[in-house]
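> let's see this in three dimensions:
(one chain, ligands or ions: 1)
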Amino acid sequence: MTSGPQSALPRFAGRTAIVTGAGSGIGLATAVLPDSEGARVVAADVSEQRLTDLTNQFPDLDLVAVTDDIPQVADVERIVIAADGKIDVLADVAGIMDGFLPAAEVGDATWDRVFAVNTTGTLRLIRAALPVMLEVGSGAIVNVPSEAGLPGSTSGVSYTASKPAVVGTTKSTALMYGPLGIRTNATAPGPVRTNVDGTARSELAGNRILALFGALGVPVAEEVEQATGIAFLR
Ligand SMILES: NC(=O)c1ccc[n+]([C@@H]2O[C@H](COP(=O)([O-])OP(=O)(O)OC[C@H]3O[C@@H](n4cnc5c(N)ncnc54)[C@H](O)[C@@H]3O)[C@@H](O)[C@H]2O)c1
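Numbering: from 1, shown residues only. Below you'll find the model as predicted:
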């Protein structure tokens, strides 16, 4: 009888991971996956109800739920405190869309909130987690900028402008802290089937972007596929 590959310990045994946006979609799949492989997971989300549903759905997993709004410095501090001095993995998954609003139609509130959550929130988590990681000289940060963060892809103006900033944050952090033992990477998903609000709040956007997606036949991925990619970069 042949045996499969030696799978000694689960990949995340004894490790602590912070996952933002853990109440839904890619974040939820990412929180559950390493937890099922031995990690203690600090699951953070702005929705208390979603976190309650998560902990009820997975009562056997080692999940610490933290309700937070990631642009808020005090909330970010609470997340790091919940990690209890040990952060092996930080998965910055929380993010929001912008109704695909184009430049002439977007209001300041949408622009500011999209940047606050997608860009500023990501930086604030990284900034708070780094000292804990640097203390032990190791750690993995995985950001989720989206395909809209890459050349050749576009969406509403706020979302499309906010995500390349996450790519920049990722590259700078990788350069600065890589030699100190911190690996910083990003995944850039195309469309994924989640609860993200993909409603076009603009007729122009409906005509341009959604029609383009339809014409290109952009494939839609499942959230667990994205979680697997994030976990690979642990
Ligand atoms: N679904 C897609 O097609 C797709 C494609 C590319 C990139 N992404 C990115 O993946 C990430 C996850 O998106 P998703 O599709 O799983 O969406 P989702 O809406 O299903 O899940 C996002 C979670 O983040 C939480 N959240 C929102 N604002 C928050 C805040 N201020 N603080 C803490 N938590 C907050 C929400 O409550 C929600 O539970 C986002 O960064 C998104 O930009 C998604």
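> so what's residue 107 closest to, chain neighbours aside?
residue 101 (7.9 Å; CB to CB, 6 or more residues apart in numbering). Placement of C-beta: from N, CA and C, glycine included.
> show me where the protein has its strands.
Here the chain has its strands, by DSSP state E, at 16-20, 40-45, 63-67, 89-92, 139-143, 182-186, 192-193, 221-222.
> tell me the helices and strands packed up against the longest helix seen in the chain.
Longest helix in the chain, counting residues (DSSP state H): helix 157-177. In terms of contacts (3 or more CB pairs under 8 Å, 6 or more residues apart in numbering; DSSP states H and E), helix 157-177 is packed against helix 108-115, helix 121-136, strand 139-143, strand 182-186.
> closest one to the ligand among those?
Of all these, it is helix 121-136 that lies closest to the ligand, at 5.9 Å by CB to the nearest ligand atom.
> and the longest helix of the chain, anywhere near the ligand?
No. Judged by CB under 6 Å from any ligand atom, helix 157-177 makes no contact with the ligand; its nearest approach is 6.9 Å.
> ok, now stretch 129-146?
Yes. For stretch 129-146, a contact with the ligand is found by CB under 6 Å from any ligand atom, at 144, 146.
> ends of that stretch, what's the gap?
For stretch 129-146, the first and last residues are 22 Å from each other (CA to CA, to the nearest Å).
> mind listing what's buried along that stretch?
Residues 129-130, 132-133, 139-146 are the ones in stretch 129-146 that count as buried (16 or more other CB atoms under 10 Å).
> next one: stretch 101-117
Neighbour counts over stretch 101-117 (16+ other CB under 10 Å) mark 101-102, 105-106, 110-111, 113-117 as buried.
> just these that are near the ligand?
With CB under 6 Å from any ligand atom as the criterion, the buried residues of stretch 101-117 include residue 117 near the ligand.
> can I get the buried residues of stretch 101-117 in JSON lines including pLDDT?
Listed next are those as JSON lines, based on pLDDT from 0 to 100:
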{"residue": "101", "pLDDT": "96"}
{"residue": "102", "pLDDT": "96"}
{"residue": "105", "pLDDT": "98"}
{"residue": "106", "pLDDT": "98"}
{"residue": "110", "pLDDT": "98"}
{"residue": "111", "pLDDT": "98"}
{"residue": "113", "pLDDT": "98"}
{"residue": "114", "pLDDT": "98"}
{"residue": "115", "pLDDT": "98"}
{"residue": "116", "pLDDT": "98"}
{"residue": "117", "pLDDT": "98"}
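> just to revisit the earlier point, what angle do the longest helix of the chain and helix 108-115 make?
30 degrees (axes from the mean of the first three to the mean of the last three CA atoms, to 10 degrees).
> coming back round to it: which of the helices and strands packed on helix 157-177 sits closest to residue 68?
Checking the helices and strands packed on helix 157-177 against residue 68 by CB to CB gives helix 121-136 as the closest, at 9.1 Å.
> returning to what we had before: give the buried residues for the longest helix of the chain.
Using 16+ other CB under 10 Å as the test for burial, helix 157-177 gives 157-167, 169-170, 173, 177.
> OK, contacts around the spatially most central residue of the chain?
Compute the mean C-alpha point of the chain, and by CA atoms, centre = their mean the closest residue is residue 93, 1.0 Å away. Counting by CB atoms under 8 Å, 6 or more residues apart in numbering, residue 93 makes contact with 19-22, 26-27, 30, 144, 230.
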